[in-house]
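> Have a look at this fold, sequence not included:
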């Protein structure tokens, strides 16, 4: 009995040791990924706290931390506060409109059977891969003829054209995972198709919709090429364009500290938003990968 017991213990201990080594390796890999992703942001934060005389210092923390770069960012010369407002307006409008259109379109593509549906989805996906630089000149010509230069729609419409395909593709995959018996049960209980969609499907699809909204918002918030081409009025330019036009004390002086501070200001809202809603984002990504 003692020999059998010892053999059983060895059999049990080996998987546990393997599991523990696997957990250590996984944790170590996750830590490396986190460091790799957060190291640039940390260095940007440290550089934003350095005075101009220490901007090229390589220490892990500034010897004389200062907020002078942040004061320069929000000075009247840079007009950065208005740029943040412009970026927020464009991002919110793009997110709301893209989600409103993509939700109905994706639900129809997921539930209705019609000829050419697969080809239509491929066209939608191919549209998102079309290079923006190839159409920026035709867009500039059209918007100039329509009088849209230096307007919000000159930024919103192009952003929508590239946000919608991604939103439709993501939400179509998500709605496909939801069993049709949900709507059928609701209609048996007396709901119309619209009520079943509004009261049953939308609440259950909230994680996927929320994840798609975050992705759309980040893309619109970081957009640069359309804005720098279509908007030349400083009062209408978003924060990304204004950041690229920061100037130092002279024409040939690059304000690295102010640029780093502006980068921190633009990145913090996205980081905070992702941290606050990380559970919904993970739930949406995981639910989209489940098979019904």
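Everything's here; your move. In this text, all values refer to a predicted model and were calculated from it rather than measured experimentally. Numbers count the residues shown, from 1 in each chain.
> State the phi and psi torsions of residue 221.
Main-chain dihedrals, residue 221, degrees, to the nearest 10: phi -70, psi -40.
> Can you verify my assumption that it contacts residue 87?
Yes. With contacts counted by Cβ atoms under 8 Å, residue 221 reaches residue 87, the gap being 5.8 Å. Backbone N, C-alpha and C define where each C-beta goes, glycine included.
> between these two, what contacts are shared?
Residues within reach of residue 221 and of residue 87 at once, by Cβ atoms under 8 Å, 6 or more residues apart in numbering, are residue 266.
> so where's the stretch 151-292 of the chain shaky on pLDDT?
Scanning the stretch 151-292 of the chain with the threshold set as pLDDT under 70 gives 248-253, 280-292.
> residue ranges of the helices in this structure, please?
2-48, 68-73, 80-111, 117-128, 136-146, 153-176, 181-188, 193-196, 202-204, 206-221, 225-230, 239-244, 256-276, 278-288 (DSSP state H).
> Tell me how this structure divides into domains.
Listed by the TED database, the domain ranges of the chain are 21-65, 73-290.
> For those domains, please prepare a markdown table with the additional fields mean neighbour count.
Converted to a markdown table, those look like this (neighbours: other Cβ atoms under 10 Å):
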| stretch | mean neighbour count |
| --- | --- |
| domain 21-65 | 12 |
| domain 73-290 | 16 |
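> which one is residue 242 nearest to, not counting chain neighbours?
residue 83 (4.0 Å; Cβ to Cβ, 6 or more residues apart in numbering).
> ugh, typo on my part, it should be residue 182
In space, residue 182 is closest to residue 200, 5.4 Å off (Cβ to Cβ, 6+ apart).
> residues touching the one you found, list them.
So residue 200 contacts 182, 183, 186, 191 (Cβ under 8 Å, 6+ apart).
> Go ahead and confirm the second one touches residue 193.
Pointing back at residue 183 there. Yes. With contact defined as Cβ under 8 Å, residue 183 and residue 193 form a contacting pair (6.9 Å).
> List the contacts of residue 166.
If you count contacts by Cβ under 8 Å, 6+ apart, then residue 166 has 128, 212, 215, 216, 219 around it.
> ditto for residue 228
237, 240, 241, 244.
> Report the separation between it and residue 264.
Residue 228 sits 21 Å away from residue 264, taking Cβ to Cβ, to the nearest Å as the criterion.
> related to what we said a few turns ago, which pair in the contacts of residue 228 has the greatest spatial separation?
Maximum pairwise distance in these, criterion Cβ to Cβ, is 9.6 Å, between 237 and 244.
> Now render the helices of the chain as CSV, adding distance to residue 55.
Putting the helices of the chain into CSV (distance: least, Cβ to Cβ, whole Å) gives the following:
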stretch, distance to residue 55
helix 2-48, 7
helix 68-73, 9
helix 80-111, 19
helix 117-128, 39
helix 136-146, 34
helix 153-176, 32
helix 181-188, 58
helix 193-196, 59
helix 202-204, 50
helix 206-221, 26
helix 225-230, 25
helix 239-244, 17
helix 256-276, 5
helix 278-288, 33
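> so which of those comes closest to residue 61?
Nearest of the helices of the chain (Cβ to Cβ): helix 2-48, 6.2 Å.
> With distance to residue 174 as extra columns, can I get the contacts of residue 166 in CSV?
Output for the contacts of residue 166, formatted as CSV (distance: Cβ to Cβ, whole Å):
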residue, distance to residue 174
128, 17
212, 8
215, 13
216, 14
219, 18
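> wouldn't residue 227 be in contact with residue 242 here?
No. Using Cβ under 8 Å, residue 227 makes no contact with residue 242, being 9.6 Å away.
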